[in-house]
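Trainee: pasted the sequence and its predicted model underneath.
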Amino acid sequence: MTDNQPLGESSNLEQLALLQPGDLVEIWMEHSYLVSTVYRCRERLDGLVTEWRWIFLDDGSLIETSPDGYYLYRDHVMIKQGTPLYEEMAARDGALVRFEGRVQDGTVGRSPVHITIEEKEYRVASTGTLEFSKDGPGPALIPWQQLSTDPGANVYFGMVGVEDEDEVVLGLWVSHISLSFGKPLRPEQIANVFRNQPKGR
């Protein structure tokens, strides 16, 4: 038998990085959500290692805890290969490739890369590749199922709204593209975090 035990008062946002499948996250003015899957991610670049976590909840929501901050993504869309939006994003002259080129030649600050999705304009803000380990069954989204043991095959990217930079998008590009739409998490949104710990510990 187990008790759901609160992690403490230090910072509920910081405690999110400790979550494991079976734990609970209580969101203010909503209810408690069960953690279903945790991705522990790492990127190695120029000798530096960056680590972060992607945490799926039982309603399909995705929490990100990273050096850049804490984010909650509520909605997910898959962009299939061969569709116009996929080509606009991932073709040889697509937005992601143009962004990488401008980062390398130092012009991305003067010439940002924009893309329109469902009548909203977004700016590509970051790209990278990742290695990962996973606890839990994983979401049904096909690109997440296709993550590889080869870090170079796992491309992720971030976008922000042009009119409102609190509108954020997490992208995962493997064969198809998964887009997750969300906003930064505020400290007051996380009412409590509970670990599913055995009694007597």
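Mentor: Great, that's in hand. Residues are numbered from 1 along each chain as shown.

Trainee: all contacts plus neighbour counts: C-alpha atoms, from now on.
Mentor: OK.

Trainee: which parts of the longest helix seen in the chain count as buried, going by neighbours?
Mentor: Longest helix of the chain, by residue count under DSSP state H: helix 95-105. The neighbour-count check on helix 95-105 (16 or more other Cα atoms under 10 Å) flags 95-100, 102-103 as buried.

Trainee: stretch 31-39 too?
Mentor: Applying 16+ other Cα under 10 Å to stretch 31-39 flags 32-39 as buried.

Trainee: distance from stretch 74-93 to the middle of the chain?
Mentor: 17 Å (Cα atoms, centre = their mean, to the nearest Å).

Trainee: quick one: contacts for the closest residue to Gly69 other than its chain neighbours?
Mentor: The shortest distance from Gly69 to any non-neighbouring residue, by Cα to Cα, 6 or more residues apart in numbering, is to Pro184 (7.5 Å). Listed by Cα atoms under 8 Å, 6 or more residues apart in numbering, the contact partners of Pro184 are 69-72, 166, 168.

Trainee: pick the one among the buried residues of helix 95-105 closest to Gly128.
Mentor: When the buried residues of helix 95-105 are compared for distance to Gly128 (Cα to Cα), Glu100 comes out closest, at 9.4 Å.

Trainee: just the C-alpha atoms of the longest strand belonging to the chain, please, in PDB.
Mentor: Longest strand of the chain, by residue count under DSSP state E: strand 32-45. Extracted C-alpha coordinates of strand 32-45, given in PDB (Å, rounded to 0.1, in the frame of the first residue of the first chain):
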ATOM      1  CA  SER A  32      -4.800  16.300  -9.300                       C
ATOM      2  CA  TYR A  33      -3.200  14.700 -12.300                       C
ATOM      3  CA  LEU A  34      -1.400  11.400 -12.300                       C
ATOM      4  CA  VAL A  35       2.100  11.400 -13.900                       C
ATOM      5  CA  SER A  36       2.100   8.700 -16.600                       C
ATOM      6  CA  THR A  37       5.500   9.100 -18.300                       C
ATOM      7  CA  VAL A  38       8.800  10.900 -17.600                       C
ATOM      8  CA  TYR A  39      11.400  11.600 -20.300                       C
ATOM      9  CA  ARG A  40      14.900  12.500 -18.900                       C
ATOM     10  CA  CYS A  41      16.600  14.400 -21.700                       C
ATOM     11  CA  ARG A  42      20.200  15.500 -22.300                       C
ATOM     12  CA  GLU A  43      21.900  17.400 -25.000                       C
ATOM     13  CA  ARG A  44      25.700  17.600 -25.500                       C
ATOM     14  CA  LEU A  45      26.900  20.600 -27.400                       C
END
